[in-house]
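Asker: Got a predicted structure plus its sequence, pasted below:
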Amino acid sequence: MKKFLIKYILIFIGFLFVSSGLAFILRSQLGMGPWGALEVALSSITGLSVGRLAQIISLCLIVVAWFMGIKPSLTTILNMIFIGQFLDMFLLIIPVSNGLFFNILFFVIGTLIYAFGISMYMKNAKNDGPGPRESFMLALSSKLKISLRVARIIIDISVLVSAFVLKGPIGFGTIIFAFSAGPLIQFFLKISGYKVSQNSKKNEQVIEETSD
């Protein structure tokens, strides 16, 4: 019981880091990842908060993935609920950056915090199943008989195009985030002493591109 509580406390701390990192990236005004950009765009259209849209999109992806054969875990559900909840909380606290220096500072801080949070989440939830977006990627890969990387590219391009059409926050930071998030997560996993088992190897490949 004690191990269970400690595990989920650390997972929730990981959620906090991920959400605060996303909030800093959004407030940097330099651009977000495909999913984040789509959520912000839909938020502007619907009037719902960014966090609420993140929850709704995650729920839709979980349901679709479940119908396609990927059953959600408790951690998947908690991811869906609390990432969005914490994101809204941090967006109320973190101001919009003003000036190029602070734009870059917020983006760097956000990307580092985000990557650390994902690595923390991965380390403590490595045998609990992937997050909502990664579940959908696994389901698409399985149904279309394609690699995870190809499935990820198809999804990312589709989401990015949708975000662009809906005038989401896509910019130079979107490109930087795409190339830096994965290596940073790997770095934090390495220094944390993350032991890669056969199952966690798959999860590492699935989650390294992260949820947003």
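Answerer: That came through fine.
Asker: Contact partners for the closest residue to residue 74 other than its chain neighbours?
Answerer: Closest residue to residue 74 apart from its sequence neighbours, by CB to CB, 6 or more residues apart in numbering: residue 128 at 6.9 Å. C-beta coordinates here come from the backbone N, C-alpha and C atoms, glycine included. Contacts for residue 128 (CB atoms under 8 Å, 6 or more residues apart in numbering) come out as 73-76.
Asker: try 10 Å this time
Answerer: 7-8, 11, 73-76, 78-79, 121, 203 (CB atoms under 10 Å, 6 or more residues apart in numbering).
Asker: Then residue 39?
Answerer: 22, 26, 32-33, 48-58, 84, 87, 159, 163, 168-169, 212.
Asker: Secondary structure element holding it?
Answerer: Here residue 39 sits within helix 34-46, counting by DSSP states H and E.
Asker: Any regions of the protein where pLDDT drops low?
Answerer: Residue ranges of the chain with pLDDT under 70: 194-212.
Asker: got the residue ranges for the helices in the chain?
Answerer: 2-28, 34-46, 50-67, 74-93, 100-124, 132-144, 148-165, 172-191, 198-207 (DSSP state H).
Asker: can you pull the buried residues of the helix holding residue 39?
Answerer: 34-43 (16 or more other CB atoms under 10 Å).
Asker: Now do it against helix 172-191, angle only.
Answerer: Orientation of helix 34-46 against helix 172-191 (axes from the mean of the first three to the mean of the last three CA atoms, to 10 degrees) gives an angle of 130 degrees.
Asker: Between helix 100-124 and helix 34-46, find me the angle.
Answerer: 110 degrees.
Asker: show me what contacts residue 7?
Answerer: 75, 123-125, 128.
Asker: Show me how to select, in PyMOL, the buried members of the contacts of residue 39.
Answerer: Buried residues among the contacts of residue 39 (16+ other CB under 10 Å), as a PyMOL selection:
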select buried, resi 22+26+32+33+49+50+51+52+53+54+55+56+57+58+84+87+159+163+168+169+212
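Asker: How about residue 73: what's its closest non-neighbour residue?
Answerer: residue 129 (3.5 Å).
Asker: Count the residues that sit near that neighbour.
Answerer: 20 (other CB atoms under 10 Å).
Asker: unless I'm mixing things up, it is touching residue 72, no?
Answerer: Yes: using CB atoms under 10 Å, residue 129 is in contact with residue 72, at 6.8 Å.
Asker: Residues that sit against both of those two, list them.
Answerer: Looking at what touches both residue 129 and residue 72 (by CB under 10 Å, 6+ apart), the common residues are 79, 135.
Asker: May I have the phi/psi pair for the residue nearest to residue 74?
Answerer: phi -100, psi 10 (degrees, to the nearest 10).
Asker: Now do the closest residue to residue 107 other than its chain neighbours: how many residues are near it, please.
Answerer: On the basis of CB to CB, 6+ apart, the spatially nearest residue to residue 107 that is not a chain neighbour turns out to be residue 28, at 3.8 Å. Counted with other CB under 10 Å, the neighbours of residue 28 add up to 25.
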